[in-house]
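J.: Model the structure of this input:
(one chain, ligands or ions: 2)
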Amino acid sequence: METHLLHFNDDDLQLAGQLIQQGQLVAFPTETVYGLGANALDRDAVQGIFAAKGRPSDNPLIVHVANASQISQVAHCDNADVQRVVEAFMPGSLTVVLPKRDVVPDVVTAGLNTVAVRMPGSKQALSFLSACQVPVAAPSANTSTRPSPTNWQTVRDDMDGKIAAILCGDDCAVGIESTVLDMTQPTPTVLRPGVVTPSQISKVLGKPVKVVTNPTAKVNSPGVKYKHYAPNCEMVLNVDGDVQKICAFYDAQAAQGKRVVILAQQAQGFGNRSVKLLGSTDEAVAQGLFASLRQCETNFDLIIASYTSTTELAHSILNRLTKSAGQKIL
Ligand code: AMP
Ligand code: MG
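T.: Numbering: from 1, shown residues only. Ligands and ions are numbered 1, 2, ... in the order given. Below you'll find the predicted structure:
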């Protein structure tokens, strides 16, 4: 299959919308990461997403909507707390898990009676979703287990020949996936941390919000149990910023002939060892993280990531880094 590169002009947007309505797959930019979209109401089209990504079928998809009426088309949202969250965070980088309506096929929700819904913040995403005129099921547009794509070139690296089109838009401003908030429990629960933080949600709701800290203990959000965000090379994560320890490990690994790189927020103390900078703020780290992993894997055999920030956003970044490193901590 030839994968067409489309751009943000009226003709291409209309074509992208038509492709979705015809049951084809179209990758599109959002502010978090690029998504791989299909008509969420078309079972066969959604099945194609799992095939193109090699995604396990028990990992449900997020349904992306252009407006509030599409939320009520796919989910039950007539609850005061849900309305507050929708009002405060949509459009934006928050996904809400709600009781699903029958119109949503089981393949989207992996058989769950809930559905995850998001109205993205990016104008480009919203213009694509409006052109589709249907809710769009979309996971990240990467091959399963790989770091999520934050630019269209990376989508092409993974999806060329497997999908109908890539809508080539801006690089993603946020860079990590949306916060997933389960609102079907008595206490709203963050299943996946993102750029929208528990304290922001708690403030809007005027009550505490739970955070799932050990997702493997009880798998509320099926996707969190899989290998995720992993580069094609070895990776370890350091969270204490111990420069001497990092250098010693680097040198021992390099002595075995490995090409090693340190991915860190600053280069101080690493001498003439290879260093790639992660960015000086947490926002910049999030934005560049996945692209940095993909750049490092092409030139190096081992990534030593060092990240010591402790903010709420840092918690979300560490969630990704820990999985990228396959839980290997230095
Ligand atoms: P991705 O599409 O790769 O961004 O992953 C979507 C995330 O949302 C995964 O972690 C899924 O497990 C989670 N998710 C999607 N639908 C639901 C749902 N109905 N209940 C709980 N988690 C969900
Ligand atoms: Mg993903």
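J.: Just the residues contacting stretch 268-285, thanks.
T.: Identification of contacts with stretch 268-285 by C-beta atoms under 8 Å, 6 or more residues apart in numbering yields 243, 246-247, 250, 254, 259-267, 287-289, 292, 295-296, 300, 305, 307, 309, 311, 313-314, 317. No exception for glycine: its C-beta is placed from N, CA and C like everyone else's.
J.: What subset of those is buried?
T.: For these, a neighbour count by 16 or more other C-beta atoms under 10 Å gives the buried set as 243, 246-247, 250, 260-265, 287-289, 292, 296, 300, 305, 307, 309, 313-314, 317.
J.: Could you tell me which of the residues you listed are located in strands?
T.: 260, 261, 262, 263, 264, 305 (DSSP state E).
J.: Which member of those is positioned nearest ligand 1?
T.: Among those, residue 305 lies closest to ligand 1 (C-beta to the nearest ligand atom), at 20.7 Å.
J.: Next up, the contacts around the closest one.
T.: 235, 236, 237, 238, 262, 263, 264, 278, 321, 324, 325.
J.: Just those: which are in helices?
T.: 321, 324 (DSSP state H).
J.: picking up where we left off before, report the two of the ones in strands among the buried ones among the contacts of stretch 268-285 separated the most.
T.: 260 and 264 (12.5 Å; C-beta to C-beta).
J.: can you list residues touching both of the two?
T.: Overlap of the contact sets of residue 260 and residue 264 (by C-beta under 8 Å, 6+ apart) is empty.
J.: Close to ligand 2: what parts of the stretch 1-150 of the chain are there?
T.: Listed as neighbours of ligand 2 in the stretch 1-150 of the chain under the rule C-beta under 5 Å from the ion: 139, 140.
J.: tell me the helices in the stretch 1-150 of the chain, going along the chain?
T.: 10-21, 43-53, 68-74, 80-89, 106-109, 123-132 (DSSP state H, counting those that start in this stretch).
J.: Show the contacting residues for residue 92.
T.: So residue 92 contacts 119, 120, 121, 196 (C-beta under 8 Å, 6+ apart).
J.: Per-residue pLDDT of it, please?
T.: Per-residue confidence (pLDDT) for residue 92: 98.
J.: Equivalent analysis for residue 228, please.
T.: Confidence score, pLDDT, at residue 228: 89.
J.: tell me the contacts of it?
T.: By C-beta under 8 Å, 6+ apart, residue 228 lies in contact with 145, 320, 323, 324.
J.: how many other residues sit next to the second one?
T.: Here the neighbour count serves as a burial measure; for residue 320 (other C-beta atoms under 10 Å) it reads 24.
J.: remind me which residues of the protein are low pLDDT?
T.: 214-226 (pLDDT under 70).
J.: Looking from ligand 2, tell me which residue of this protein is nearest.
T.: Closest contact between the chain and ligand 2, by C-beta to the ion, is at residue 140 (3.3 Å).
J.: and that residue, how far is that from residue 291?
T.: Residue 140 sits 13 Å away from residue 291, taking C-beta to C-beta, to the nearest Å as the criterion.
J.: Which parts of the stretch 151-300 of the chain are helices?
T.: Secondary structure of the stretch 151-300 of the chain (DSSP H, counting those that start in this stretch): helices located at 152-159, 198-205, 243-255, 282-299.
J.: buried residues in stretch 270-281?
T.: Quick answer for stretch 270-281 (16+ other C-beta under 10 Å): 270, 273, 274, 275, 276, 278.
J.: so what's residue 130 up against?
T.: 66, 67.
J.: make it 6 Å
T.: residue 66 (C-beta atoms under 6 Å, 6 or more residues apart in numbering).
J.: Repeat that for the one 5 residues further on.
T.: When the contact criterion is C-beta under 6 Å, 6+ apart, the partners of residue 135 are 40, 63, 65, 70, 74.
J.: What separation do you get for the third one and residue 120?
T.: Translated: residue 65. From residue 65 across to residue 120, the span is 9 Å (C-beta to C-beta).
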